[in-house]
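Chemist: Model the structure of this input:
(chains A, B and C)
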Amino acid sequence: MEETKWEPKVVGFLCHWCSYAGADLTGSARMEYPHNIRIIRVPCSGRIDPMFILRALQNGLDGVLVSGCHPGDCHYQSGNFHARRKFAVTRKLLEYVGIEPERVQFSWVAASEGPKMAQVVKEFVEGVRKVGPNRLFKDEIRDGE
Amino acid sequence: MGYKRIKKDQLNAFLRELSKDYAVVLPSRSGGQVVFGPWDGENTDFLDWYKNTVIPPKALFFPPVEEMFRFRKGEEGYEIEELMPDKGQQIIFGIRPCDARALKIIDMLFADTYRDPYYLRRRENSLLIGLGCNEPCDTCFCASLDISPGQSEDVDILCTDTGEDLLIEAISDKGGNLLSRMSGLSDAGSEEESKARELRKSAKERITREINLSGLQERMRSNFENRAYWEKVSKKCMACGICTYVCPTCHCFDINDENRKKEGKRVRNWDSCKFPLFTRMPMENPRHEKWRRMRQRYHHKFEYYPMNFGAIACTGCGRCIRECPVNVDVTEIIGGI
Amino acid sequence: MENRLKEEARKLLKEGKVDYIVGYGNGTVKFRTSPLITNKEEDIESLVINPFIANNLSRYPTEIKGKLGIVVKGCDSRSLVSLMQDNKVNRDDMVILGVPCEGVVDIKKLGEQIGADIDQAKEIDKEGDNLIVQMDGSKKTVPFRDVIFDKCFGCEYPTPLEYDILLGSEVSPRIEIEKSLKKIKEFEDTDAPERWRYWKEQFSKCIRCYACRNVCPACFCERCFVDVNIPQWITTYGSWQDNLVFQLIRTLHVAGRCSDCGECERSCPVGIPLRSLQRKMVEEVKGLFNHETGVDKDAFPVFTHYEATDPEEFIK
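Modeler: Numbering: from 1, shown residues only, chains lettered A, B, ... in the order given. Now for the predicted structure:
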């Protein structure tokens, strides 16, 4: 019985109006993107609380992708502007405490950008694969360390 | 049994002998803090700098977080895995008389109608070797509560630091039995004994802080409705949990079940009656206001606990005064009633 | 300054301009002060201003209703202005008694510097640029600048910017910012796994007393996210993972409203270096959005506002 190789398991918080629609388009156009991502639909990228990102990592997910509408195109006018500010500081804090920056990624993907969505997810999953499985919140550290 | 003694540089050998049958726990520096931790087998210089820990020794018997049991949903219902503390014997070396008395005080509660198996198992398997205080802190007020800083009946063995020697005295039968099996102890002469007596007397005299306990029960009862007083003294309180967590007699806890899918565990953790949500219930929160919680805590310690168990739930260790960010002072509050 | 304070405070109470005076009084522990909140004239005599006034009194206006005469140092005044920006406190309800601050003494640091137990000291006086510690039979002198809190070294606004009455003459900013940021810079020089291990170790000490949250003026939520149980974000008990997540989220919640008063770190009974997190956010907010807490009363709070030109190079 051959050993199963580790595959990254990541979550994507996609805003309903742009990024989620974009991911739908990727599917309809039969473009492939990595199966490692589990998508959670939120109304707006502004809905994302830094708590979601930390909980995802705490529960063992290897990476978190957050994607919203381009600035100026938010369905709720300013949700993604607020999100942009929040993400900027969240990212700095997470990197400061030692969480690998490759694990947390943000993007703007419009509803028409099917290929971009595929590209973003592909690059993100590769980035997470490079940094390895998320053992940050585990209690016992085996092998090495 | 009279006093025994060892020279301070023999302490290492003494502890080593104890380590053969017991896990020795003593004051150590860890993470910039003084804590009770397992002896590293070498270091005994804590005698030079040890005053007292911030987290009291109650944490060794009643830990801040304790898994009670684990459960799993099997084919035919729940399987429960008990997580009792292991039966190994341990020695707590260096516990102060105030903290030792505190353990005796909460023993009564944990052995009441419902016997708390976790706490009691740990207590049965532990032996306390106390270390008398020669230099009380500015915040100590044990003397007003009839606790002597240099002496204790609540430990099994009491040590006194006389400068070059450690005077060792058996207090309980358990302690006496242990000492009789130890080697390397010499008898203490009358000179050392009187030195110890001197140190104990001067330690007691050096305590400057006091708490006014005269007619306490009556004072507390008649001032229960004195809202203005409790509002005044609680105005600056931050309603954090520091005073309860560093108190060696505070014992309130919360129990939660943590589960995920088909398995989980039951955990108990420290809780504080100072927290706003401590008495939150579906219909109401009777102690929503800060002054009510303030009043509750002091009445519990100084009126209800004596009523139920015959002892004031305070030993004058002074940790609450020292650690409170805004310097709420129990002696001041009780004194003002 | 103390006499001027007592004079003004008495006047304010007598003329009914305020309901309470919120200031510092002598603590019951040697060399500590304690918040003094009173509406009685006879208590005014107990007000003090000395090198030990560490508490941030801006924590009280969100709790005590009515008009307050509040004593603030430089950092405290910025917390208070931040609360005004958040619309939690009305400027008209405050009579701000500003104390230009030369730094607050860190008793622990002082003990280390003189190599003795401060408990045994009889008196501590400030004379010029030095602190004279009177022990039993000996006197020790240390430069005042060596024993103030880390945050005080690089204080850019020691004189309150917003005040009604300034109780003393202005103090010029202290520019040893590298000293204030020393721990942070050292920390950033280590690699990521080491940093994570450091925080894991620190937060294993946390007992969830919530002192850090309760002493912070910026933490005024009626129900904190940790107390919410539907959904339960983090457990009520102290596992290091939850402790760390608690503090990280708290840091993000107060980011942009934190004036680095340092109370969180000072209050922590187990000595977790919380300022290393909070001050780092102060620097980041300054760098990213050019916003300093509580400097401009009419500015918007950082996260309720946005600019078209906000940095976004990190977004794909």
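Chemist: can you pull the pLDDT of the closest residue to residue B:62 other than its chain neighbours?
Modeler: Closest residue to residue B:62 apart from its sequence neighbours, by CB to CB, 6 or more residues apart in numbering or on different chains: residue B:119 at 5.3 Å. Yep, even glycine has a C-beta here, placed from its N, CA and C like the rest. The score at residue B:119 is 94. That number is its pLDDT.
Chemist: what kind of secondary structure is residue B:119 in?
Modeler: helix (DSSP: H, G, I helix; E, B strand; the rest coil).
Chemist: Can you name the residues that contact it?
Modeler: Residues counted as contacts of residue B:119 (CB atoms under 8 Å, 6 or more residues apart in numbering or on different chains) are B:61-62, B:110.
Chemist: what does residue A:82 give?
Modeler: Contacts of residue A:82 (CB under 8 Å, 6+ apart): A:46, C:303-304, C:306.
Chemist: Show me where the stretch 201-337 of chain B has its helices.
Modeler: B:216-222, B:227-234, B:242-246, B:290-299, B:305-309, B:319-323, B:330-335 (DSSP state H, counting those that start in this stretch).
Chemist: who wins for proximity to residue C:233 among those?
Modeler: Residue C:233 lies closest to helix B:242-246 among the helices of the stretch 201-337 of chain B, at 21.7 Å (CB to CB).
Chemist: Let's verify the residue nearest to residue B:107 when sequence neighbours are not counted: helix, strand, or coil?
Modeler: Distances taken as CB to CB, 6+ apart place residue B:123 nearest to residue B:107, at 6.7 Å, with adjacent residues excluded. Following three-state DSSP, residue B:123 is assigned to helix.
Chemist: so who does residue B:123 touch?
Modeler: B:61, B:103, B:107, B:110.
Chemist: swap in residue C:210?
Modeler: B:240-241, B:275, C:224, C:226.
Chemist: Please, where are all the strands along the stretch 151-300 of chain C?
Modeler: C:165-166 (DSSP state E, counting those that start in this stretch).
Chemist: what sits against the residue of it found nearest chain B?
Modeler: Per CB to the nearest CB, residue C:237 is where the stretch 151-300 of chain C lies closest to chain B, at 3.3 Å. Taking CB under 8 Å, 6+ apart, we find residue C:237 in contact with B:64-65, B:254, B:256, B:267, B:269-270, C:208.
Chemist: count of residues packed around residue C:229?
Modeler: With neighbours defined by other CB atoms under 10 Å in any protein chain shown, the count for residue C:229 comes to 10.
Chemist: swap in residue B:13?
Modeler: So residue B:13, with other CB under 10 Å, has 14 neighbours.
Chemist: Let's verify it: helix, strand, or coil?
Modeler: helix.
Chemist: How about it, nearest residue that isn't a chain neighbour?
Modeler: residue B:184 (5.9 Å).
Chemist: quick one on the thing from earlier: quick check on the contacts of residue A:82: which are buried?
Modeler: Neighbour-count burial within the contacts of residue A:82 applies to A:46, C:303, C:306; the criterion is 16 or more other CB atoms under 10 Å in any protein chain shown.
Chemist: On the pLDDT front, check the first one for me.
Modeler: Translated: residue A:46. 93.
Chemist: The second one now?
Modeler: According to the model's per-residue confidence, residue C:303 sits at a pLDDT of 91.
Chemist: For it, which three-state class applies?
Modeler: Assignment for residue C:303 (three-state DSSP): helix.
Chemist: Pull the contacting residues for the closest residue to residue B:32 other than its chain neighbours.
Modeler: Sequence neighbours aside, residue C:271 is the residue nearest to residue B:32 in space, at 5.0 Å (criterion: CB to CB, 6+ apart). By CB under 8 Å, 6+ apart, the contact list for residue C:271 reads B:31-33, C:205.
Chemist: among the residues you listed, which two are most distant?
Modeler: B:32 and C:205 (8.9 Å).
Chemist: These two: who's more crowded?
Modeler: Between residue B:32 and residue C:205, counting by other CB under 10 Å, residue C:205 is the more crowded of the two (21 against 11).
Chemist: what about the helices in the stretch 101-250 of chain C?
Modeler: C:107-114, C:150-153, C:177-180, C:182-188, C:192-204, C:211-215, C:240-254.
Chemist: What is the burial count for the residue in chain A positioned nearest to chain B?
Modeler: Using CB to the nearest CB, residue A:59 is the residue of chain A that sits closest to chain B, at 9.2 Å. Burial measure for residue A:59: 11 neighbouring residues, criterion other CB under 10 Å.
Chemist: Centre-most residue in chain C?
Modeler: residue C:261 (2.2 Å; CA atoms, centre = their mean).
Chemist: contact partners of stretch C:126-146?
Modeler: C:50-51, C:102-103, C:105, C:109-110, C:113-114, C:116, C:118, C:120-125, C:147.
Chemist: among those, which are in strands?
Modeler: C:123-125 (DSSP state E).
Chemist: Would you convert the residues you listed into TSV that also reports pLDDT?
Modeler: Listed next are the ones in strands among the contacts of stretch C:126-146 as TSV, based on pLDDT from 0 to 100:
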residue	pLDDT
C:123	87
C:124	88
C:125	88
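Chemist: In those residues, which residue is surrounded by the most others?
Modeler: residue C:124 (21 neighbours).
Chemist: Okay, and the beta partners of the nearest residue to that one once chain neighbours are set aside?
Modeler: Of all residues not flanking residue C:124 in the chain, residue C:133 sits nearest, at 5.2 Å (CB to CB, 6+ apart). In this entry, residue C:133 is beta-bridged to residue C:124, residue C:140, by DSSP bridges.
Chemist: do you know how far residue C:133 is from residue C:144?
Modeler: 11 Å (CB to CB, to the nearest Å).
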